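1. generate a structure from the sequence data that follows.
(chains A and B)
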Amino acid sequence: MTLTTENPARDLNELNELNEPRELRDLHHLMSRMTGAEKHGPAASSTLDALWVLYDRVLRVAPETATDQGRDRFLLSKGHGPMAYYAVLAAKGFLDPAVLDTFGQYDSPLGHHPDRTLVPGVEIGSGSLGHGLPLGVGTALGLRAQGLLDPAVWVLIGDAELDEGSNHEAISYAGAAGLDRLHTVVIDNQSATHGWYGGIASHFATAGWSTATVDGRDHDALHAAFTAPHPGRPHAVVAVVEPKN
Amino acid sequence: MMRDRFISTASALLDEDPRVAVVLADISAASFDDAAAAHPDRVINVGIREQLLVSVTGGLALTGMRPIAHTFGSFLVERPFEQVKLDLGHQGVGAVLVSALGSYDWPAGGRTHMSPGDVALLDTLPGWTVHVPGHPDEAEALLRDAAAGDGLVYVRLSAQSNAVARQVVPGRFLTVRQGAPGGDGPVVVAVGPVLDDVLEATEGLDVTVLYATTVRPFDAVALRAALAGRGSADVVVVEPYLAGTSVPFVTEALDDRAHRVLGLGVSREELRHYGTMAEHIAAHGLDARALRRRITDWAPESLR
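-> Take a look at the predicted model:
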């Protein structure tokens, strides 16, 4: 879909009804068990397409390999609004969909920010912004130190989350260290208060990262960006979606 | 020096245990050059990035490594405190944090390089073991014990040191002076490098002195056992960091009996002076002469 429409939320709803693949309709249904609404605006589902393409076509991890040392790691850093994440985990069998109905309750494993000690397949607890990418750097270093050169580490962050300075410690170090098993997806819904001068990708590129900027709703474009070769460098994919506001 | 012993011990641990990684933020990095050459993937210097220092430590632990992170206390615990809280404890992983400079080791460096609040900050978090060695040999023993485990361990090194090492057991207080049976004088808990000053201060006084090189968990069993031989329930804690930090743990250990407790340590107020470590120890009232006066002023008449 185009990114310059006057009312992207309306367009998203139309997309849901007219063009949406069956999997995405199922994901919206799973999300509705947490949100109480069948249709979700851009904010709630900004991560949904990127998450789905990662778990469906890129990440080499499944419920039965969720604790294997050789698995790919996905770290959700942007812990706010995790309904899309939980829905994808349920769709892929990490979670019993019935658990989604307990979202946010006292005894539920599913909080409004995820806790890795409570949810199978969740690699980090997040919520406070700016922790996932630095943890991902350590994870990539730990795998390398153990001779595990194949597993990929993926971290999902938001464009506003990039405001946190801790990300920039991680970005500059990972580029200098050439951590080529580290990948970052930046969901760009243009919610950073002061924007990112020069574009988000440029801040990674100047630190030595490989970068791609794509339509965050286009599954084939996401897949191509996620799987682009980037020898010797970490890789950042900026997935542009509808503006939050 | 404890810091030199840390470097040699951590370097040996890298040779001995493939789980061990050393994470640095420029401080002490040159001293690990040989270890880094031998173990390029397990000696990680992230540059002057202390948030990343702690988060990388958490990430390494998530993959099953046993990371040892090191810099000055100000930049290891205080500056990246949220990373300590979330990227270690909240993730359910363990790590070893080893600090240098303590509360007053480099007074000429001023307030920016003093961390008298480090132990108090860690006390707001669950699960931390805190070692405060008083001699390089003790630092080595406690570091080795920490590296062999899986938990959250803080090792607080200092340039201040006692003349001789004791045979310390991780987690246990050691009785180094026994008061007369039934005597009125207090039990004095001396933490790490303050021991020599405490022993000098209490020379000739009827007190029991316990030596604490592990302060968390707090050895309540040893404290209660020491008090069982005394005629009072008076406890003095002398710590080389923020005064009173361990007082709540004394209170908890003795919550079933009336008692009195005096917490001595580094004052909360900034001194805004430079000079030497000895001058700062005296300014905080922690030299032997001041300790003797403060303890006897507080203790029962019979001790004076």
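
2. so what's the residue of chain A at minimum distance from chain B closest to, chain neighbours aside?
-> Closest to chain B within chain A is A:Gly138: 1.9 Å, counting by CB to the nearest CB. Glycine gets a C-beta too; all of them are placed from N, C-alpha and C. For A:Gly138, ignoring the flanking residues on the chain, the nearest one in space by CB to CB, 6 or more residues apart in numbering or on different chains is B:Gly59 at 1.9 Å.

3. shouldn't B:Gly59 be in contact with A:Gly136?
-> Yes - at 6.5 Å, B:Gly59 and A:Gly136 qualify as touching, with contact defined as CB atoms under 8 Å.

4. confidence score at residue 54?
-> I'll assume chain A. Predicted confidence (pLDDT) at A:Leu54: the value is 98.

5. hm, I was asking about chain B
-> 99.

6. so who does the closest residue to B:Ser267 other than its chain neighbours touch?
-> Counting by CB to CB, 6+ apart, B:Ser267 lies nearest to B:His284, which is 5.4 Å off, once chain neighbours are set aside. B:His284 sits next to B:104, B:243, B:265-267, B:271 when contact means CB atoms under 8 Å, 6 or more residues apart in numbering or on different chains.

7. likewise for B:Phe173?
-> B:189, B:210-212, B:219, B:222-223, B:226.

8. ok, back up a step: and the residue nearest to B:Ser267, how far from chain A?
-> 34 Å (CB to the nearest CB, to the nearest Å).

9. what do you get for B:Ser28?
-> For B:Ser28, the distance to chain A - CB to the nearest CB - is 18 Å.

10. quick one: the strands in chain B?
-> Secondary structure of chain B, counting by DSSP state E: strands at B:20-24, B:43-45, B:66-72, B:95-100, B:128-131, B:152-156, B:174-177, B:187-191, B:208-212, B:214-216, B:234-242, B:260-266.

11. what's the angle from the third one to strand B:95-100?
-> Pointing back at strand B:66-72 there. If you take axes from the mean of the first three to the mean of the last three CA atoms, to 10 degrees, strand B:66-72 sits at 20 degrees to strand B:95-100.

12. got the buried residues for strand B:66-72?
-> For strand B:66-72, burial by neighbour count (16 or more other CB atoms under 10 Å in any protein chain shown) applies to B:66-72.

13. what does chain A put close to chain B?
-> Proximity of chain A to chain B (CB under 8 Å from any CB of the partner chain) is limited to residues A:69, A:115-117, A:123-125, A:128, A:130-131, A:134-146, A:148, A:165-166, A:169-170, A:172-173.

14. give me the buried subset of those residues.
-> A:115-116, A:123-125, A:128, A:130-131, A:134-146, A:148, A:166, A:169-170, A:172-173.

15. now, these that are in helices?
-> Within these, residues falling in helices by DSSP state H are A:134-145, A:166, A:169-170, A:172-173.

16. just the helices in chain A please.
-> A:8-18, A:22-35, A:48-53, A:83-91, A:132-145, A:165-177, A:200-205, A:219-226.

17. can you check the stretch 1-150 of chain B too?
-> Listed in chain order, the helices found in the stretch 1-150 of chain B under DSSP state H, counting those that start in this stretch are B:2-16, B:33-38, B:50-62, B:73, B:81-83, B:118-122, B:136-148.

18. I'd like the ones you listed laid out as a markdown table, including distance to A:Gly216.
-> Shown next, in a markdown table, are the helices of the stretch 1-150 of chain B (distance: least, CB to CB, whole Å):
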| stretch | distance to A:Gly216 |
| --- | --- |
| helix B:2-16 | 43 |
| helix B:33-38 | 40 |
| helix B:50-62 | 26 |
| helix B:73 | 43 |
| helix B:81-83 | 29 |
| helix B:118-122 | 40 |
| helix B:136-148 | 44 |
